[in-house]
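Colleague: Turn this into a structure:
(3 chains)
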Amino acid sequence: MFLSVILTILLIFCTSFSLSAQEKPLLSKETQICLSCHRIYTPGIVQDWQKSRHSQILPEEALKKPALEQRISTKDISPNLSKVVVGCYECHALNPEKHKDNFAHMGYKINVVVSPNDCQICHPTEVNQYSGSKKAYALGNLKKNALYSTLVETIIGLKEIKADKIVSAQATEFTKQETCFACHGTEIEVLGKKEIETTVGKIEVPNLSNWPNQGVGRKNPDGSLGSCAACHPRHSFSIEIARKPYTCAQCHLEPDVPAWNVYKESKHGNIYFSKYEEWNLKEVPWKLGQDFQAPTCATCHNSLVVKPDGKILTERTHDFAARLWVRLFGLVYSHPQPKQGDTSIIKNKDGLPLPTTFAGELAAEYLISEEEQINRQTKMKTFCNGCHSSVWISGHFAKMDNTTKETDKMTISATKLLAKVWELNLADKTNPFDEAIEQKWVKQWLFYCNSIRYASAMTGAPDYAAFKLGWWELTNNLQEMNDWFNLRTKQK
Amino acid sequence: MFLSVILTILLIFCTSFSLSAQEKPLLSKETQICLSCHRIYTPGIVQDWQKSRHSQILPEEALKKPALEQRISTKDISPNLSKVVVGCYECHALNPEKHKDNFAHMGYKINVVVSPNDCQICHPTEVNQYSGSKKAYALGNLKKNALYSTLVETIIGLKEIKADKIVSAQATEFTKQETCFACHGTEIEVLGKKEIETTVGKIEVPNLSNWPNQGVGRKNPDGSLGSCAACHPRHSFSIEIARKPYTCAQCHLEPDVPAWNVYKESKHGNIYFSKYEEWNLKEVPWKLGQDFQAPTCATCHNSLVVKPDGKILTERTHDFAARLWVRLFGLVYSHPQPKQGDTSIIKNKDGLPLPTTFAGELAAEYLISEEEQINRQTKMKTFCNGCHSSVWISGHFAKMDNTTKETDKMTISATKLLAKVWELNLADKTNPFDEAIEQKWVKQWLFYCNSIRYASAMTGAPDYAAFKLGWWELTNNLQEMNDWFNLRTKQK
Amino acid sequence: MFLSVILTILLIFCTSFSLSAQEKPLLSKETQICLSCHRIYTPGIVQDWQKSRHSQILPEEALKKPALEQRISTKDISPNLSKVVVGCYECHALNPEKHKDNFAHMGYKINVVVSPNDCQICHPTEVNQYSGSKKAYALGNLKKNALYSTLVETIIGLKEIKADKIVSAQATEFTKQETCFACHGTEIEVLGKKEIETTVGKIEVPNLSNWPNQGVGRKNPDGSLGSCAACHPRHSFSIEIARKPYTCAQCHLEPDVPAWNVYKESKHGNIYFSKYEEWNLKEVPWKLGQDFQAPTCATCHNSLVVKPDGKILTERTHDFAARLWVRLFGLVYSHPQPKQGDTSIIKNKDGLPLPTTFAGELAAEYLISEEEQINRQTKMKTFCNGCHSSVWISGHFAKMDNTTKETDKMTISATKLLAKVWELNLADKTNPFDEAIEQKWVKQWLFYCNSIRYASAMTGAPDYAAFKLGWWELTNNLQEMNDWFNLRTKQK
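Modeller: Okay, the predicted model is just below:
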């Protein structure tokens, strides 16, 4: 009897070994040719890809998986793509007619930049959701908004002092790429061809403007918006990396968007950092409690999560506002989420491209309805309910509602003061961001109110909300603004 | 001979497998009923608990372990609790007569809030130690201290500007819960019953004020103080999480208590982050060098640590001041640790509820004696000695002594200036925290001196002590205070 | 056939087990004696060493390894050292004649401080490279530079306010040790002997000044410079720890050298933190893509990295400027790397010990030539090319070049203002660091320009470069400087 147990065990071992030996992923001929050189010249990305799912599974096999386990959302893939693994050529040669960055490379027509429009061959639902989101429009939302563009120029323009005044030059493209537009995305344009020196001699390549860039709203040479690599870094395109909080932390961090900083100090963060090594951050679908014991950013905001019994708790979405009702950050006041990703179309009652007036009135026609707010909040609460009781959840959201209101009121106090400053010509309203009192005003809403609201939303980081970038700063900065005002008005 | 080896190996395997198959933890009937619903409706916490020791070991087995391996400190557990694992009902139904938050739920009498008084059935030594500590009194120590309450109100009260003056409303309970009292703990009161909507329809539950909260000094509906979940998050109640530094980091971080920030930059932190994955952070007793190679917060401050030969190096304690002689943070000057956890009883010679006067004189009768200071310091040094030579240790503590003295002197320089400011009516002493010059003074001791002292105590983070929140800020801020003073007095 | 498979498998198992049982590392008699006590009295470091390679491999075996796998660089080790593992005595008894800290201890002549000169017995190439680097000279570069010494004294001197002026005492040795010189290194001098109390009674030991310290430029009692333990902490001396970014983070962090902070927010950092657990950070040689998928600090700056095919991509170096052409941080303007590690010899055209004048002119004779700059940049680009295309790389470096230029121009704007301030006697130039306007000027280059340049160099952390310690602060602080100036000049 023991012997039969031995034999069974060994049979399992040997079978699994021999299977893995047989399992040679099928590479297209073109990809094999790519690899024959790039394995030598850029081996890092080749290895990266070899460790990825793309190199290990045939699309036709992926299509056969049970619905909830699928990581692709198409129902149909053309035979030339479905019977080979997703290699270099499978991505870098798609839709050549659309790609202004397509170029002749070693006998093939290759695109430099792989875009969401290419990824959607296998992942159409994700690309579709993403394409309507604020992330996809992040470049235009900054660039086409006159007020935000003024803020960008004010901050990153090169400055000189002439006749006791600060004079700012227009911000350079390079510095834009390294600051605001590194996250928001740049516009990649093809400026012709150029010859470059490589390890294998001179080659001619497209001359791309604003490249490299992996911002969420990047405008690609094929006209599409976005860069999947913002969250799924090339060339592993890992779901695990996207689920881990370090990914969101590239852009969502203090002082203006302190999601990452607050998460780190929260109870959820505490549990994540203490235990994540024992969790399964790759599994699809993702099982609550079983695969993980505390949420990351992705868990609450866009992952498909099922209960241990397999029932869906929340659906996957690549529209990152799908479970968000209120917009906490970035602007003068909190406000309901915009109806659509392109926020550059918004105009408030004062004619400014903002979702509220400086006095706080909503530009309601551009913002989601109360019904839709409740709808989205319910989605989030449903997820919370996977671990927390209804009493707990209602207590949490009541606090958060109060916090958005209180922080907005604190901004109103500061804005009223600034209105008086402008009225008395103590500062010039033309550019509302470039004088000391205005910079203090920006800090009130862009840094401190945002931070307090994030701390509230993630039910954690109390010290952050109190001292770090929260009430302490909010209070002291208002004091300084008022002292500044009193000093000027008493002097006059 | 080989065959016998095979048989032996397989026997071990099979036995362990079959044992683990047999090993069905015994659940009480009540807990089985809890689980039958909560497995469906809040599966996250059920899974969390299932991964915990509570679900895996019978208290009667725990009692049989060798003394140093025990994670419970009681010597005796009633039969109804000792022969079932620690499930939902075993914790949430204890001492119903004391729990004002007890309510009828699906035919059972359930407490919403599990308190230290409940945990002490198995963990009496820990609860007893904790109950005398400053942590247990953290709510009252803030709330009952008139001066601290003023600071709280000054920071988090909602502000408006009226007639060029900042007017502050009383801080709301919600904002208190999200800032100071999120860490210090709230007072949970039962305000009657309320009906709530849940996945399974309407149910009646206790209407709790200031809930949810997991602050260290939470006042529970049974009258007890503290929340074990502050450090051992529900429902895994893990010793590993409590030992990892992310736990302490929820509250002890920059700018006012930068223990976490300093640890991260210290040599101990460097080694921890580089190697902790190879360590055993669950083991009891915890073996120096073998289970871990560098300390976390818990290691130095409250863990039971043994040498590899099994001899005790330091005892477990849940009084977090047991190895602390000097109190480095939070107050105007460093001072010997208070004699007892309730610091609201302290009065200095000026009649203020502080352990020192503004001039620095100790309220000695409330503080531990020199003998006790040496006693506690010796405990800490004994632990250091597990890795460091006596020469090394004496060098370290000499530096630290000097640093507390120097930073206190820097505070005296600032306080003397403020005294002159008050004397000349350049600011109003009534509230010592609400004017610009006073806010600068607070930063001197609450942020900068604290940071420098933490950096010293953890023998690391030199850049932190120099530039980040240390001497650079301490020096520049004093400069600004003095410039402020000179500007005002020259104007007069 | 199955049985033979079983037998083979078991044979492999048993052999490996019995081998590991046989493999008793050979300890010298002296080390055995050291261990007999220290195993009891300082077990932590003994365990630490036991987990290290030093305790597990004989130098004579290490010498036999293939060249690229060698972790030692000597070609020859004396028999008394090569046939025993590297134990306590093997390191702590070397070169006693040079060690002023040598003392009689339990019948042996022991050095307290092990120095690079001792380590070089096995690691001569590394020590040699290090000894010429700026790191080795970090103590003198700070101490012998009159201007830097003034900055140190200005920041950490104990201050009092006398007659409305801030008066600073000379910085104490203790505070120096805990701030600047904790990283830069202290000078360890032997001040005689002292008796100390230990667990085993009183013993006589060398009385060392400025001890403990592990700064990179520590001056040791044998006259050598440096502390290998700065990056390879005692007593594991791990290559893995040195390769992990937490090590560099001990000293290279915000606000003045935010390498660590920028790395954390970069794409490289994102990938590292998300995936490093699956990587091999111990392997020598280190294989790109295979052992790791994104670089740490060490990867780019000093590791030996090979391609998966075994060909060298970059050489190991312990001169940390070997792949650096421009010096981004620490000084008023960016400038080419200094020719040699000892920068205290540099004199600019104004006679100041700085690589540029305050107006920005280079002290070119002390700085590397353009040819050498290109040479070093090429080394770095070669490494980048392991993963990134030539187009990507040239785009990156073009941005970085622009950023160093723009930030230098921003500093020029601030410096010109300060020059006017000095000219008009609004501040005293004698100490250029001790008045409010000067402190603001220091922040421009030491904090903000440095941060922007680091963000650029690591092609990440855009929010850092924009808001955290970047353009936002650079712009607002210049505004404040100018407001300060205008306020003073209008008053006059």
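
Colleague: ok so A:N477 is a strand residue?
Modeller: No. Read with DSSP: H, G, I helix; E, B strand; the rest coil, A:N477 is helix and lies in no strand.

Colleague: what's the spacing between it and chain C?
Modeller: To chain C, A:N477 is 12 Å away according to C-beta to the nearest C-beta, to the nearest Å. C-betas here are computed from N, CA, C, even on glycine.

Colleague: same question, A:I45
Modeller: Taking C-beta to the nearest C-beta, one finds A:I45 at 5 Å from chain C.

Colleague: Check A:T179 too.
Modeller: 4 Å.

Colleague: Once you drop chain neighbours, what's closest to that residue?
Modeller: In this structure, A:T179 finds its nearest non-sequential neighbour in C:A466, 3.9 Å apart by C-beta to C-beta, 6 or more residues apart in numbering or on different chains.

Colleague: Model confidence for that neighbour, exactly?
Modeller: We have a pLDDT of 97 for C:A466.

Colleague: Let's verify whatever residue of chain A ends up closest to chain C: helix, strand, or coil?
Modeller: Of all residues in chain A, A:Q47 sits closest to chain C, at 2.5 Å by C-beta to the nearest C-beta. Under three-state DSSP, A:Q47 falls in the helix class.

Colleague: Contact partners for the closest residue to chain B within the stretch 301-450 of chain A?
Modeller: Ranked by C-beta to the nearest C-beta, the top residue of the stretch 301-450 of chain A for proximity to chain B is A:C387, at 3.3 Å. For A:C387, the contact set (C-beta atoms under 8 Å, 6 or more residues apart in numbering or on different chains) comprises A:288-289, B:42, B:44-45, B:48.

Colleague: hmm, try it at 10 Å
Modeller: Residues near A:C387 by C-beta atoms under 10 Å, 6 or more residues apart in numbering or on different chains: A:268, A:288-289, A:293-295, A:393, B:42-48, B:234-235.

Colleague: Same question for A:K219.
Modeller: Contacts of A:K219 (C-beta under 10 Å, 6+ apart): A:115, A:136, A:139-140, A:143, A:185-189, A:210, A:213, A:225-227.

Colleague: same thing with A:L331?
Modeller: By C-beta under 10 Å, 6+ apart, A:L331 lies in contact with A:147-148, A:343, A:354-356, A:411, A:445-446, A:449-450.

Colleague: now swap in A:A359 and tell me
Modeller: Per C-beta under 10 Å, 6+ apart, neighbours of A:A359: A:332-333, A:348-350, A:412, A:415-416, A:419.

Colleague: sorry, back to before: near the residue of chain A closest to chain C, how many other residues are there?
Modeller: By other C-beta atoms under 10 Å in any protein chain shown, 24 other residues sit near A:Q47.

Colleague: I'd like the distance between it and C:A136.
Modeller: 35 Å (C-beta to C-beta, to the nearest Å).

Colleague: Angles on the backbone of whichever residue of chain A sits closest to chain B, please.
Modeller: Nearest to chain B in chain A, going by C-beta to the nearest C-beta, is A:G289, at a distance of 2.5 Å. Torsion angles at A:G289 (phi, psi; degrees, to the nearest 10) stand at phi 80, psi -40.

Colleague: Not counting sequence-adjacent ones, nearest residue to it?
Modeller: The shortest distance from A:G289 to any non-neighbouring residue, by C-beta to C-beta, 6+ apart, is to B:Q47 (2.5 Å).

Colleague: Can you name the secondary structure element that comes next after the lowest-mean-pLDDT helix or strand in chain A?
Modeller: Least confident element among the helices and strands of chain A, by mean pLDDT, DSSP states H and E: helix A:2-22 (a mean of 43). Sequence-wise, the next helix or strand downstream of helix A:2-22 (DSSP states H and E) is helix A:29-41.

Colleague: any idea what the residue nearest to A:T179 is structurally, helix, strand or coil?
Modeller: Three-state assignment for C:A466 (three-state DSSP): helix.

Colleague: Just confirm it contacts C:E265, I think it does.
Modeller: No. With contact defined as C-beta atoms under 10 Å, C:A466 does not reach C:E265; the gap is 11.3 Å.

Colleague: ok, A:Q170 to A:Q50 distance?
Modeller: Applying C-beta to C-beta, the value for A:Q170 to A:Q50 is 45 Å.

Colleague: nope, A:G215 is what I was after
Modeller: To A:Q50, A:G215 is 27 Å away according to C-beta to C-beta.

Colleague: same question, A:E254
Modeller: As for A:E254, its distance to A:Q50 is 37 Å (criterion: C-beta to C-beta).

Colleague: Tell me who's in contact with A:W441.
Modeller: A:W441 sits next to A:332, A:358, A:411, A:414-415, A:417-418, A:421, A:427, A:432-433, A:435, A:477-478, A:481 when contact means C-beta under 10 Å, 6+ apart.

Colleague: in which helix or strand would I find it?
Modeller: For A:W441, the element it lies in under DSSP H and E is helix A:436-442.

Colleague: average model confidence for stretch A:364-378?
Modeller: The average pLDDT within stretch A:364-378 is 98.

Colleague: Let me know whether that stretch sits next to chain B.
Modeller: No. Against chain B, stretch A:364-378 shows no contacts by C-beta under 10 Å from any C-beta of the partner chain, the least distance being 10.9 Å.

Colleague: and stretch A:467-478, is it in reach of chain B?
Modeller: Yes. Part of stretch A:467-478 sits near chain B under the criterion C-beta under 10 Å from any C-beta, namely A:467-478.

Colleague: chain center to that stretch: distance?
Modeller: The chain centroid and the centroid of stretch A:467-478 are separated by 27 Å under C-alpha atoms, centre = their mean, to the nearest Å.

Colleague: before we move on, what about stretch A:100-120?
Modeller: 24 Å.

Colleague: Keeping just the C-alphas, turn it into PDB.
Modeller: Taking Å, rounded to 0.1, in the frame of the first residue of the first chain, the C-alpha atoms of stretch A:100-120 are listed here in PDB:
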ATOM      1  CA  LYS A 100       2.600  57.800 -37.500                       C
ATOM      2  CA  ASP A 101       5.500  56.300 -35.500                       C
ATOM      3  CA  ASN A 102       5.600  53.300 -37.700                       C
ATOM      4  CA  PHE A 103       9.000  52.800 -39.300                       C
ATOM      5  CA  ALA A 104      11.000  50.200 -41.300                       C
ATOM      6  CA  HIS A 105      13.100  48.200 -38.900                       C
ATOM      7  CA  MET A 106      15.200  45.300 -40.100                       C
ATOM      8  CA  GLY A 107      12.700  44.500 -42.800                       C
ATOM      9  CA  TYR A 108       9.600  44.900 -40.700                       C
ATOM     10  CA  LYS A 109       7.100  47.800 -40.100                       C
ATOM     11  CA  ILE A 110       7.300  48.500 -36.400                       C
ATOM     12  CA  ASN A 111       5.500  51.000 -34.200                       C
ATOM     13  CA  VAL A 112       7.700  52.600 -31.500                       C
ATOM     14  CA  VAL A 113       4.700  53.300 -29.200                       C
ATOM     15  CA  VAL A 114       2.200  50.600 -28.400                       C
ATOM     16  CA  SER A 115      -1.100  52.300 -27.500                       C
ATOM     17  CA  PRO A 116      -4.400  51.400 -25.800                       C
ATOM     18  CA  ASN A 117      -5.800  51.100 -29.300                       C
ATOM     19  CA  ASP A 118      -3.400  48.300 -29.900                       C
ATOM     20  CA  CYS A 119      -4.000  46.700 -26.500                       C
ATOM     21  CA  GLN A 120      -7.800  46.600 -27.100                       C
END
